[in-house]
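K.L.:
This is a predicted model, with the sequence first.
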Amino acid sequence: MIPDQEILRRRDMRDVLTLTIDPADAKDFDDAISFAEQEDGTYQVGVHIADVTWYVRPGSRENEDAYQRGTSIYLVDRVLPMLPERLCNDLCSLRPGEDKLCMSVVFTISRDARVLKHKVCRTIIRSDCRLDYNQAQAWLDGSETSPVIAALKTLNMIAQVLRRKRMDAGALDIEQDEIRFRLDENHHPTDIYFEQSTPAHHLIEELMLLANRTIATMLSQTGKESVFRVHDKPDRDKMEALRKFQRKMGDRVPHQTIDMLTIRAMAKAVYSTDNIGHYGLAFDYYTHFTSPIRRYPDMIVHRLTARYILGERGVVIDTDLREACDHLSAMEQQATEAERDSVKDFQILWMQDHLGQDFDGTIVSVTQYGLFVRLNDTRCEGLVPMRTICPNDYMDLDEKNFCLRTRGSKQCFILGDPVRVRVIRADADLRQIDFELV
């Protein structure tokens, strides 16, 4: 039950059209968007984020545990939440038809999608409907009409303009499909498929980026120590080698391979009190504010926002921010590795059911051990060992040109080349898949 005095001190936005858009299997809804057309012809667009720190106070057991975990971990067959389920799936989750406390950024946006002004405030909202991405995209593509659909289409127009401006400013346009598994009752994979980004995904992404960027800019203007999400410029030598490779190969190398090589050349984004900007997004100021149910840095940023932007003197910042940034960056990296290992484990389980079968793939790495090949349909990645490629010939690794060459037969295997491979081993203990060239 939310106390009456807490409701009274917040901006009441329960009568404004509000909705959430999340994956179909999501349970913790930590962001919602609201829309209203105003009398002067401008749009009021609200980005509402679950007010987790109202429930989780500094010094509490829940807060300490969340800090140590740093983030929720999303494995293939389960979620290891940062917060207790009662908080993340119930009290804080912005479920439809329920009054919820939020920290919000409310924007006034012109008809040509220019942000005219904004206001940060604590709010109480009530979501009118919960959409998944497929349903939201179907409404964007369809001809049905309703107040929700009209709002959705206007929000999509705004998001497209924001995205175009970001790309024009130099943001990287790298989108990778998210791998998904269908599991049977024994948690064994029966199918691998991919969730592709759609305009519905971009709609939420751009509004969350706008809110994160706005909060980061405002925090930097206070002159107080804050937490930023930073992304350094890429390694110059690696990028120059990649550019030379692109010029040499032209359209021969798939776009996905170039994206993968670009990511490998990039620095990792981390949390820091020293703001150096975010190279990948082309933002001078950026932070994480929009996912406090699953990321502890967002909880810190909520407290910083309350203290320094809203001027709430009673808010306690109970941690050394520099130390917290180092710890939370490390925990994020551990979570990322755990999620990748989970995907790899289930790919191996799937491949064990397909030993001896042939698949089309692409060379994604050339090493002294052989060729790493990624299958086109499932993105399962395995090694074609050097000894199996040309057993009666010597091979030389040409790292500058991303290729392996045989000395006698003059064969050349270049990164990005299409190949056909046969599955010869899928070892769950070693976490390794081996192929041979067909």
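P.N.:
Done, it's in.

K.L.:
Tell me how far the longest helix along the chain lies from the chain's centre.
P.N.:
When the chain is parsed with DSSP state H, its longest helix is helix 321-352. Averaged C-alpha coordinates place helix 321-352 at 13 Å from its chain's average position (CA atoms, centre = their mean, to the nearest Å).

K.L.:
Could I get the average pLDDT for that helix?
P.N.:
Averaged across helix 321-352, pLDDT comes to 97.

K.L.:
packing partners for whichever helix or strand comes after that helix?
P.N.:
Next helix or strand after helix 321-352 toward the C-terminus (DSSP states H and E): strand 358-367. Under the contact definition 3 or more CB pairs under 8 Å, 6 or more residues apart in numbering; DSSP states H and E, strand 358-367 sits against helix 255-265, strand 370-375, strand 412-414, strand 418-427. Where C-beta positions appear, they are placed from N, C-alpha and C, glycine not excepted.

K.L.:
Mind putting the ones you listed into JSON lines with mean neighbour count?
P.N.:
Below are the helices and strands packed on strand 358-367 laid out as JSON lines (neighbours: other CB atoms under 10 Å):
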{"stretch": "helix 255-265", "mean neighbour count": "16"}
{"stretch": "strand 370-375", "mean neighbour count": "22"}
{"stretch": "strand 412-414", "mean neighbour count": "17"}
{"stretch": "strand 418-427", "mean neighbour count": "16"}
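
K.L.:
Tell me which of those lies nearest to Val301.
P.N.:
Nearest to Val301 among these is helix 255-265; the distance by CB to CB comes to 25.6 Å.

K.L.:
Leu87 contacts Asp65, doesn't it?
P.N.:
No - between Leu87 and Asp65 there is no contact under CB atoms under 8 Å: 11.0 Å.

K.L.:
quick one on the thing from earlier: tabulate the helices and strands packed on strand 358-367 in a markdown table, adding columns for distance to Asp353 and mean pLDDT.
P.N.:
Formatted as a markdown table, those follow (distance: least, CB to CB, whole Å; pLDDT from 0 to 100):
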| stretch | distance to Asp353 | mean pLDDT |
| --- | --- | --- |
| helix 255-265 | 25 | 74 |
| strand 370-375 | 14 | 94 |
| strand 412-414 | 28 | 88 |
| strand 418-427 | 9 | 96 |
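
K.L.:
Output those in CSV; the columns should cover distance to Arg340.
P.N.:
Listed next are these as CSV, based on distance: least, CB to CB, whole Å:
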stretch, distance to Arg340
helix 255-265, 13
strand 370-375, 14
strand 412-414, 25
strand 418-427, 17
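
K.L.:
what angle sits between the longest helix of the chain and strand 418-427?
P.N.:
100 degrees (axes from the mean of the first three to the mean of the last three CA atoms, to 10 degrees).

K.L.:
Give the buried residues for helix 321-352.
P.N.:
Under the neighbour-count criterion of 16 or more other CB atoms under 10 Å, helix 321-352 has 321, 324-325, 327-329, 331-332, 335, 342-352 buried.

K.L.:
Spit out the contact partners of the residue lying closest to Ser127 once chain neighbours are set aside.
P.N.:
Residue nearest to Ser127 in three dimensions, not counting chain neighbours: Pro96, with 4.4 Å by CB to CB, 6 or more residues apart in numbering. Counting by CB atoms under 8 Å, 6 or more residues apart in numbering, Pro96 touches 20, 127-130.

K.L.:
Could you verify that Pro96 is part of a helix?
P.N.:
No - checked against DSSP: H, G, I helix; E, B strand; the rest coil, Pro96 lies outside a helix; its state is coil.

K.L.:
how near is it to Lys400?
P.N.:
To Lys400, Pro96 is 56 Å away according to CB to CB, to the nearest Å.

K.L.:
so who does Ala159 touch?
P.N.:
Neighbour list for Ala159: 199, 202-203, 205-207 [criterion: CB under 8 Å, 6+ apart].

K.L.:
With secondary structure and pLDDT as extra columns, can I get those residues in JSON lines?
P.N.:
Output for those, formatted as JSON lines (DSSP: H, G, I helix; E, B strand; the rest coil; pLDDT from 0 to 100):
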{"residue": "Pro199", "secondary structure": "helix", "pLDDT": "96"}
{"residue": "His202", "secondary structure": "helix", "pLDDT": "96"}
{"residue": "Leu203", "secondary structure": "helix", "pLDDT": "97"}
{"residue": "Glu205", "secondary structure": "helix", "pLDDT": "97"}
{"residue": "Glu206", "secondary structure": "helix", "pLDDT": "98"}
{"residue": "Leu207", "secondary structure": "helix", "pLDDT": "98"}
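
K.L.:
Put the buried members of those into a ChimeraX selection.
P.N.:
Only the buried entries of these go into this ChimeraX selection, using 16+ other CB under 10 Å:
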select :202,203,206,207
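
K.L.:
What are the neighbouring residues in contact with Arg180?
P.N.:
Here Arg180 is in contact with 192-195 (CB under 8 Å, 6+ apart).

K.L.:
With Asn89 instead?
P.N.:
The neighbours of Asn89, taking CB under 8 Å, 6+ apart as the test, are 27-28.

K.L.:
how about a cut-off of 10 Å?
P.N.:
Asn89 is in contact with 26-29, 79, 81, 83, 95, 293, counting by CB atoms under 10 Å, 6 or more residues apart in numbering.

K.L.:
Could you do Ala32 as well?
P.N.:
By CB under 10 Å, 6+ apart, the contact set of Ala32 is 13, 18-22, 46-50, 94-96, 100, 102, 104, 125-128, 130.

K.L.:
Recalculate using a threshold of 6 Å.
P.N.:
By CB atoms under 6 Å, 6 or more residues apart in numbering, the contact list for Ala32 reads 18, 20, 48, 94, 127.
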